[in-house]
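1. Predicted coordinates and the sequence they were generated for:
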Amino acid sequence: MKRNNRAMTFVLHGALASAALFMVYFLIVSVAQGTSHAFSQFASLWYFMTPLIIGFGFQMALFSYIHNMTAVSAKSVAAAGGVSTVSMVACCAHHVTDVLPLMGLTAVTLFLGKYQAFFIVLGIVSSVIGTLFMLSLIQEKRLYNAKTPFRSLFRHNITEIRNFALVAAVPVLIVAFLLIK
């Protein structure tokens, strides 16, 4: 039962992180442009925002799992967390457009607003890479056992998959930048 409680702790951390990101999104947009705009914007971007929010929560669950394992150095956990942070910053970067006009930075607002969807795609890509980074860390340090959820995933070389994703991310982001306007 103790092991099951620990697993639920990691799941809870992930769910809370997803909920927090969701609430931060609604808070920023609601304060800047009103609650109805926050709902309508989320409704129009749900297919981008949902994987980003779920991916961030999954990363935080993995981060919590890795952090609670004593065999991993603090530097490794910090690196994994850094990728998660990039994911969240990329997600929210386009919301800077809500406050920049108040600061007299209209040109920056136009650029960020034009490429809002690109910043969300950047967040999703960095979320996938961050997740693969943490999974490769779990595999490298052998932080899984027969009762670990998704243990069959570790039959594959996650580091190779992560490296492929890093290389594949470059053309994906270039195409996204050129096509999303």
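-> Received, thanks. Residues are numbered from 1 along each chain as shown.
2. Counting neighbours, what do you get for residue 179?
-> As a burial measure, residue 179 scores 10 neighbours (other Cβ atoms under 10 Å). Bear in mind the C-beta positions are built from the backbone N, C-alpha and C, glycine included.
3. So it versus residue 65, what's the distance?
-> 36 Å (Cβ to Cβ, to the nearest Å).
4. next one: residue 143
-> Distance, residue 143 to residue 65, by Cβ to Cβ: 7 Å.
5. The two: which is more packed in?
-> Legend: neighbour count by other Cβ under 10 Å for residue 143 and residue 65, higher for residue 65 (23 against 17).
6. quick one: buried residues of the helix or strand harbouring that one?
-> According to DSSP states H and E, residue 65 maps onto helix 35-67. For helix 35-67, the neighbour count (16 or more other Cβ atoms under 10 Å) marks 38, 41-42, 45, 48-49, 51-67 as buried.
7. And for stretch 23-34?
-> Those would be 25, 28-29, 32, for stretch 23-34 by 16+ other Cβ under 10 Å.
8. which stretches of this structure have low pLDDT?
-> Scanning the chain with the threshold set as pLDDT under 70 gives 1-7, 70-114, 149, 181.
9. Tell me which stretches of it form strands.
-> Taking DSSP state E to define them, one finds no strands in the chain.
10. show me where it has helices.
-> 2-33, 35-67, 74-92, 106-114, 116-140, 158-179 (DSSP state H).
11. Can you say which of these is nearest to residue 151?
-> Residue 151 lies closest, by Cβ to Cβ, to one member of those: helix 116-140, at 10.2 Å.
12. one step back: make JSON lines from the helices of the chain and add distance to residue 152 to it.
-> Conversion of the helices of the chain to JSON lines gives the following (distance: least, Cβ to Cβ, whole Å):
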{"stretch": "helix 2-33", "distance to residue 152": "16"}
{"stretch": "helix 35-67", "distance to residue 152": "16"}
{"stretch": "helix 74-92", "distance to residue 152": "22"}
{"stretch": "helix 106-114", "distance to residue 152": "41"}
{"stretch": "helix 116-140", "distance to residue 152": "12"}
{"stretch": "helix 158-179", "distance to residue 152": "12"}
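13. Let me know which of those helices is the nearest to residue 147.
-> helix 2-33 (6.8 Å).
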